[in-house]
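**Student:** Take this sequence and fold it.
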Amino acid sequence: MKRITLLFAAMLLVVSTGFAGERTSAETWTWSVNAGRLTHCLELSSSQYDDVAMACEYFSNKLLKAARSKDESSRSTLVRKAVMGNLKLMKSALDKEQYRKYVTLLNLTLHNKGLDVYLD
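**Tutor:** Modelled structure (predicted):
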């Protein structure tokens, strides 16, 4: 059981670094979500794929809007709203285990991008 847990943790780390890219400042980051990679990682069904792809597009658009914001506090607020909106959409599209994996990946990715938005 311990081996399985360690293997899962290692796999999650490898996958999260693939999503994360390199760490950048809030002014220069870009965001694109590869729904195909999420499909593989979260083992999405064909009916879930459309909902997840739409949520990813929504998230990308909201983060782009946040990146264009001139005010740092406004940018932070817009990023947090984008993340929370994305989580709401993903929670309705994914089952409990898939959602847990997604939140973990999102936390790691945001941290690696330098956008520390703390999620519950």
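**Student:** which residues sit in contact with residue 93?
**Tutor:** By C-beta atoms under 8 Å, 6 or more residues apart in numbering, the contact list for residue 93 reads 48, 51, 52, 55. C-beta coordinates here come from the backbone N, C-alpha and C atoms, glycine included.
**Student:** do you know how far it is from residue 86?
**Tutor:** Here the criterion is C-beta to C-beta, to the nearest Å. By it, residue 93 lies 10 Å from residue 86.
**Student:** sorry, back to before: separate out the buried members of the contacts of residue 93.
**Tutor:** 48, 52, 55 (16 or more other C-beta atoms under 10 Å).
**Student:** quick revisit: among the contacts of residue 93, which lie within helices?
**Tutor:** In helices, defined here by DSSP state H, the members of the contacts of residue 93 are 48, 51, 52, 55.
**Student:** The third one and residue 97, how far apart?
**Tutor:** Using C-beta to C-beta, one gets 15 Å for the distance from residue 52 to residue 97.
**Student:** what about residue 87, helix or strand, and which?
**Tutor:** helix 72-93 (DSSP states H and E).
**Student:** Past that helix, which element shows up next along the chain?
**Tutor:** Downstream of helix 72-93, the first helix or strand assigned by DSSP H and E is helix 96-112.
**Student:** Could I get the buried residue list for that following helix?
**Tutor:** So for helix 96-112, counting by 16+ other C-beta under 10 Å, buried means 98, 99, 101, 102, 103, 105, 106, 107, 108, 109, 110, 112.
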